[in-house]
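Q: the following block contains a protein sequence and its predicted model.
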Amino acid sequence: EVQLVESGGGMVQPGGSLRLSCAASGFTFSSYDMSWVRQAPGKGPEWVSGAKIGGGSTYYADSVKGRFTIFRDNAKNTLYLQMNSLKPEDTALYYCARLAWWGYDLWGQGTQVTVSS
């Protein structure tokens with residue numbers, strides 16, 4: 001089955017850290033650019049970060065630059081997002097997404113991140 005499964009979310013205090021994982025299966029993970037996208041309650045989706053096929057090129061939204069790190073392990077078919085110095089405004093449902101030439105064509109079910117004291 002072609003799917004993405006996120007994990008690693010949870011509740012953390014401001015300033016804390018979490019590492020999200022996205023396990024890919026059913027397709028050649030190493031052949032796709034991948035991204036993390038989040039959606040906060042009552043807001044639209046926000047692109048967070050992206051990693052090119054080889055993982056050497058990475059991109060970040062200004063809101064997370066310097067705090068989040070995206071990386072991928074193509075041997076394990078897994079995408080990660082290391083999140084440090086978390087803020088309450090990072091609270092959202094985080095999705096990983098596969099990028100096809102026409103747009104995002106595969107999404108996981110999401111993992112909830114809540115930053116609160």
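A: Arrived safely, thanks for sending. Residues are numbered from 1 along each chain as shown.

Q: okay, buried residues for stretch 22-32 please.
A: Neighbour-count burial for stretch 22-32 flags 22-24, 29, 32 (criterion: 16 or more other C-beta atoms under 10 Å). Every residue, glycine included, has its C-beta placed from N, CA and C.

Q: and the gap between residue 12 and residue 83?
A: Using C-beta to C-beta, to the nearest Å, one obtains 9 Å as the distance from residue 12 to residue 83.

Q: ok so, going back, adding secondary structure as columns, could you present the buried residues of stretch 22-32 in CSV?
A: Shown next, in CSV, are those (DSSP: H, G, I helix; E, B strand; the rest coil):
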residue, secondary structure
22, strand
23, strand
24, strand
29, helix
32, coil
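
Q: which of the residues you listed sits closest to residue 45?
A: Nearest to residue 45 among these: residue 22, at 15.8 Å, using C-beta to C-beta.

Q: residue 2 against residue 25, yeah?
A: Yes: using C-beta atoms under 8 Å, residue 2 is in contact with residue 25, at 7.3 Å.
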